[in-house]
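K.L.:
predicted coordinates and the sequence they were generated for:
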Amino acid sequence: MKRIVIGGQIDKKEVAALVEKYGEEKFTIETKSDLEAAMALKNGLADYYFGACNTGGGGALAMAIALVGRDATVTVSMPSNLMSEEKIRENVNNGKKAFGFTAQHKETVIPIIMDELKKIN
């Protein structure tokens with residue numbers, strides 16, 4: 001079973017609830033600080049990372065970018081800029097492991113990401 005960690009700066013409980021809902025019991029989910037979550041991803045203790053903040057990239061992904069590199073991460077939404085569903089799915093399929101987004105878009109992006117992750121696993 002693949003493991004997802006929830007990091008980022010805000011709405012961790014809500015993000016975790018959505019990931020769990022759309023994961024349909026196919027993933028284990030753990031909420032951690034952004035540093036702990038990024039470390040878990042880096043050390044192979046987690047397969048994917050989700051993080052929310054107000055900008056979608058700063059507090060949501062900063063530690064993940066620092067620890068696993070920009071190539072493994074993607075910001076799928078920022079204020080006034082929501083990545084298209086097609087592009088989100090493409091990023092998942094291209095091997096991105098850490099997903100950052102604004103808290104306002106969590107209900108839009110999480111179902112898309114989880115749908116693609118279920119196809120991979």
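P.N.:
Everything's here; your move. Numbers count the residues shown, from 1 in each chain.
K.L.:
any weak-confidence spans in the chain?
P.N.:
For the chain, the stretches with pLDDT under 70 are 121.
K.L.:
show me what the longest helix out of those in it is packed against.
P.N.:
Secondary structure assigned by DSSP state H gives helix 106-120 as the longest helix of the chain. Helices and strands touching helix 106-120, by 3 or more Cβ pairs under 8 Å, 6 or more residues apart in numbering; DSSP states H and E, are helix 12-23, strand 48-53, helix 85-93, strand 98-102. Every C-beta, even on glycine, is put in place using the N, C-alpha and C of the backbone.
K.L.:
how about residues contacting that helix?
P.N.:
Here helix 106-120 makes contact (Cβ atoms under 8 Å, 6 or more residues apart in numbering) with 2, 11, 14-15, 18-19, 22-24, 26-27, 48, 50, 52, 76-77, 82-83, 85, 88-89, 92-93, 99, 101.
K.L.:
list the buried residues of stretch 91-105.
P.N.:
Applying a neighbour-count criterion of 16 or more other Cβ atoms under 10 Å, one finds 91, 92, 96, 97, 98, 99, 100, 101, 102, 103, 105 buried in stretch 91-105.
K.L.:
could you export the residues you listed to a markdown table, including columns for distance to residue 117?
P.N.:
Output for the buried residues of stretch 91-105, formatted as a markdown table (distance: Cβ to Cβ, whole Å):
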| residue | distance to residue 117 |
| --- | --- |
| 91 | 11 |
| 92 | 6 |
| 96 | 10 |
| 97 | 10 |
| 98 | 12 |
| 99 | 10 |
| 100 | 15 |
| 101 | 15 |
| 102 | 20 |
| 103 | 20 |
| 105 | 17 |
